[in-house]
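Asker: Give me a 3D structure for the following:
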Amino acid sequence: MQPLLERLMTTFPDAVRGVEVDTARNEITARVAAARIVDVARWLHDTPEASFDHITDICSVDYPNDPERFEVVYQLLSLAHRRRIRLKARVTEEAPQIASVTGIWKGAEFMEREVYDLMGITFVGHPDLRRILLPDDYEEGHPLRKDFPAEGRGWRSSFPFIPRLDEAPEEQTEGEVPEQEKQAYLVAEHQGGTRRREELLLNMGPQHPSTHGVLRVVLELDGERIVKATPDLGYLHRGVEKLAEGLHYMQVIPHTDRLDYVCAMTNNYAYVRAVEKLLDITVPERAEYVRTIVAEMQRIIGHLFWLGTQALDIGAMTVFFWTFREREVLLDMFEKLCGARLTLNYYRIGGVDSDFTPDLVVRLKAFLQTFPEKVNEYNQLLMSNRIWVGRTKDIAVISAEDAINFGLTGPTLRGSGVDYDVRKYEPYGVYDKVEWEVPVGKRGDTYDRYWVRMEEMRQSARIIAQCLDQMPEGPIMADVPHVIPPPKAKVMRDMESLIHHFIIFTQGFKPPKGETYCGTEAPKGELGFFIVSDGSPRPYRLKIRAPSFIHMGAFDHMARGYLISDIITIFGTYDIVMGECDR
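Answerer: Predicted coordinates for the structure are as follows:
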């Protein structure tokens with residue numbers, strides 16, 4: 001990487017203001033002049049030695065006392081060379097604007113809109129720069145700025161005029177009705193004899209159940225064919241990132257459960273890994289095995305939930321009951337492990353909350369003996385079902401090149417033939433100590449993404465079985481007294497332990513100043529946390545890289561040309577959960 005960095009600085013001596021290499025966290029940051037961000041980004045994308053073809057995330061940080069108040073942060077990934085780089089550019093409060101990189105990475109469109117919405121930074125050249133999580137007519141500022149009150153500000157919608165579907169807006173001109181609010185129809189006259197072509201603007205949602213949450217999509221139709229599909233997000237927005245700025249690091253863990261309430265364990269895992277990376281904590285070996293087992297149990301649970309609901313949405317009810325049968329068995333084990341089934345709050349910074357008992361080992365091994373055959377049953381039921389095959393094969397096709405350019409991850413990316421999996425690229429837990437494979441598709445259609453998830457469940461079972469056989473004895477929490485409280489048994493008997501416990505839970509711990517990005521392979525894709533520490537017991541900035549949000553950025557691209565009925569299938573192929581998407 002060093003020769004590439006030297007070449008970068010030589011090529012852009014006036015643009016690259018400095019490069020920082022964090023060897024402890026294996027992270028590289030380049031500070032770039034805002035006026036040259038597009039030039040540097042395009043060079044990193046196009047130069048073969050760099051090949052940063054995947055845009056992982058874009059976010060921003062607010063430093064109110066700095067002359068250059070806002071810092072725009074770009075997380076880039078080179079799939080070919082398996083390395084990351086972070087670009088940072090500063091803009092002022094008086095002119096909070098920077099050029100858009102949507103001409104390089106299509107996935108930047110949604111990412112830049114989020115930064116514009118929540119921080120108020122304008123991206124010049126963006127094709128559709130408007131709010132994305134907050135209403136279009138929200139005029140009370142930008143919630144992630146430090147001077148925006150944590151309790152929010154009052155806001156009332158202006159209730160813009162919306163014409164009825166059965167009547168034309170004869171007395172209202174087009175300029176008086178915002179384009180995104182046109183619910184009625186859009187009639188276009190075309191030359192060509194007496195033929196008249198109509199394009200209908202159809203509102204879907206925000207109550208549609210097939211999205212596993214609250215989502216609205218405005219469909220522009222030519223007959224029943226989709227001309228354009230515009231997602232309207234934010235109906236479930238709860239401000240988790242803003243809340244995190246007022247919480248101690250340990251207090252954030254329960255909030256991560258609610259990001260993706262179907263796969264809460266992996267959210268916990270992703271967050272605590274990011275904090276451990278910030279603190280440079282080594283987790284005990286037994287705890288790493290337990291974490292890996294539980295994460296793969298959660299992956300199976302997540303994919304079972306996806307398969308059952310996707311089949312139900314398409315029309316196969318039996319599969320729903322069968323998948324929930326196996327899901328219940330694993331949820332019973334979660335309840336035995338930590339006392340909860342849905343929002344679990346199980347992972348801890350430095351380890352896990354409770355140990356994996358011999359009874360759970362026996363029950364899990366018994367489950368693994370029958371589970372592969374159950375997966376075969378799901379396959380047999382669906383692969384011979386002409387409705388399932390007809391509604392998934394060659395539907396929502398996305399090429400490998402486009403999937404990478406949009407920043408897709410997880411089964412959605414691997415279905416297009418890209419073998420990117422964080423567990424292989426940047427191994428964590430004990431994934432490098434067991435044998436398993438990364439399933440990849442070929443065509444990039446909905447059927448391939450289904451096949452990838454089916455194979456992933458088999459691979460998860462394979463990983464769990466090896467972990468159970470290899471799991472050593474030992475502690476389940478790291479011994480780092482300034483960060484981790486003493487065991488509860490000591491707290492109840494020893495005064496020093498009680499004081500220690502009291503101090504950590506009331507005052508928190510203070511990581512060193514710095515920042516880190518940590519990505520984890522969640523069932524839906526790469527779930528990443530970018531944390532900026534100012535040395536206080538609370539994160540100065542916490543940015544969640546939610547895969548569902550990134551995937552919705554490709555929704556219009558993948559929906560065009562297909563039928564209205566295919567929209568439900570496309571929702572399902574992402575496995576979106578709106579708690580994660582809206583945060």
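
Asker: Can you get me a residue count around residue 358?
Answerer: For residue 358, the count of nearby residues is 8 (other C-beta atoms under 10 Å). The way it works is simple: take the backbone N, C-alpha and C, and place the C-beta from them, glycine included.

Asker: same deal with residue 486?
Answerer: 17.

Asker: What of residue 466?
Answerer: Number of residues near residue 466 (other C-beta under 10 Å) recorded here: 17.

Asker: gap between it and residue 432?
Answerer: Distance, residue 466 to residue 432, using C-beta to C-beta, to the nearest Å: 12 Å.

Asker: Equivalent analysis for residue 9, please.
Answerer: According to C-beta to C-beta, residue 9 stands 33 Å off from residue 432.

Asker: So which of the two has more stuff around it?
Answerer: For the pair residue 9 and residue 432, the greater number of neighbours falls to residue 9 (15 against 9), based on other C-beta under 10 Å.

Asker: check which helix or strand covers that one.
Answerer: Following DSSP states H and E, one finds residue 9 within helix 2-11.

Asker: got it, and residue 460?
Answerer: For residue 460, the host element (DSSP H and E) is helix 446-470.

Asker: The following helix or strand past that helix packs against which elements?
Answerer: Per DSSP H and E, the first helix or strand lying C-terminal to helix 446-470 is helix 488-491. Contacts defined by 3 or more C-beta pairs under 8 Å, 6 or more residues apart in numbering; DSSP states H and E place helix 488-491 against helix 495-507.

Asker: what about dumping the CA coordinates of the helix or strand that the helix it packs on is followed by to PDB?
Answerer: Later in the chain than helix 495-507, the nearest helix or strand by DSSP H and E is strand 514-522. Below are the C-alpha coordinates for strand 514-522, written out as PDB (Å, rounded to 0.1, in the frame of the first residue of the first chain):
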ATOM      1  CA  GLY A 514      -9.300   8.800  17.300                       C
ATOM      2  CA  GLU A 515     -11.600   7.200  14.800                       C
ATOM      3  CA  THR A 516     -12.300   3.800  13.300                       C
ATOM      4  CA  TYR A 517     -14.500   2.000  10.800                       C
ATOM      5  CA  CYS A 518     -15.400  -1.600  11.400                       C
ATOM      6  CA  GLY A 519     -17.500  -3.700   9.000                       C
ATOM      7  CA  THR A 520     -19.300  -7.000  10.000                       C
ATOM      8  CA  GLU A 521     -21.000  -9.500   7.700                       C
ATOM      9  CA  ALA A 522     -24.600  -9.300   8.900                       C
END
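
Asker: what is residue 19 paired to in the beta sheet?
Answerer: Beta bridges link residue 19 to residue 30, judged by DSSP bridges.

Asker: Enumerate the positions of stretch 121-133 that are buried.
Answerer: 121-123, 126, 129, 131-133 (16 or more other C-beta atoms under 10 Å).

Asker: quick one: low-confidence ranges for the stretch 401-550 of the chain?
Answerer: For the stretch 401-550 of the chain, no stretch has pLDDT under 70.

Asker: quick one: residue 287 and residue 515, what's the gap?
Answerer: According to C-beta to C-beta, residue 287 stands 25 Å off from residue 515.

Asker: can you put the buried residues of stretch 121-133 in CSV and add pLDDT?
Answerer: Formatted as CSV, those follow (pLDDT from 0 to 100):
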residue, pLDDT
121, 97
122, 97
123, 98
126, 97
129, 96
131, 94
132, 94
133, 93
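
Asker: From the residues you listed, pick the one nearest residue 266.
Answerer: residue 133 (22.7 Å; C-beta to C-beta).

Asker: which SS class is the residue nearest to the closest one when sequence neighbours are not counted?
Answerer: Nearest non-adjacent residue to residue 133, counting by C-beta to C-beta, 6 or more residues apart in numbering: residue 234, 3.8 Å away. Per DSSP: H, G, I helix; E, B strand; the rest coil, the secondary structure class of residue 234 is coil.

Asker: Phi and psi next, for residue 234.
Answerer: Backbone torsions of residue 234, given as degrees, to the nearest 10, read phi 100, psi 0.

Asker: since we're on it, how many residues are nearby?
Answerer: 21.

Asker: so it sits right up against residue 583, yeah?
Answerer: No - with contacts counted by C-beta atoms under 8 Å, residue 234 stays clear of residue 583, the gap being 9.7 Å.

Asker: joint contacts of those two?
Answerer: Residues touching both residue 234 and residue 583 comprise residue 133, with contact defined as C-beta atoms under 8 Å, 6 or more residues apart in numbering.

Asker: For this protein, give me the ranges with low pLDDT.
Answerer: Using pLDDT under 70, the flagged stretches of the chain are 152, 154-198, 207-213.

Asker: How is it partitioned into domains?
Answerer: Annotated domains of the chain cover 2-124, 240-582 [automatic domain parsing].

Asker: Next secondary structure after the top helix by length along the chain?
Answerer: The longest helix of the chain (DSSP state H) is helix 285-314. Downstream of helix 285-314, the next assigned helix or strand under DSSP H and E is helix 317-338.

Asker: packing partners for that next one?
Answerer: Looks like helix 317-338 contacts helix 285-314, helix 358-383 (3+ C-beta pairs under 8 Å, 6+ apart).

Asker: So which of those helices is nearest residue 97?
Answerer: Closest approach to residue 97 among those (C-beta to C-beta): helix 285-314, 39.5 Å.

Asker: ok, of the buried residues of stretch 121-133, which one's closest to residue 567?
Answerer: Within the buried residues of stretch 121-133, the smallest distance to residue 567 is 19.5 Å, found for residue 132 (C-beta to C-beta).

Asker: Run through the residues that contact the spatially closest residue to the closest one that is not a sequence neighbour.
Answerer: The shortest distance from residue 132 to any non-neighbouring residue, by C-beta to C-beta, 6+ apart, is to residue 113 (4.2 Å). Residues near residue 113 by C-beta under 8 Å, 6+ apart: 126, 128-132.

Asker: from these, which two are the most distant?
Answerer: Largest separation among those by C-beta to C-beta: 126 and 131, giving 12.4 Å.

Asker: Now do residue 280 against residue 22, distance only.
Answerer: 10 Å.

Asker: cool, and residue 34?
Answerer: 23 Å.

Asker: Looking at the two, which one has more neighbours?
Answerer: Legend: neighbour count by other C-beta under 10 Å for residue 34 and residue 22, higher for residue 34 (20 against 13).

Asker: Contacts only, for the spatially closest residue to that one that is not a sequence neighbour.
Answerer: Once flanking residues are discounted, residue 34 sits nearest to residue 89: 4.2 Å by C-beta to C-beta, 6+ apart. Going by C-beta under 8 Å, 6+ apart, residue 89 touches 31-34, 37, 71-72, 74, 98.

Asker: Doesn't residue 89 lie inside a strand?
Answerer: Yes - residue state for residue 89 (three-state DSSP) corresponds to a strand.
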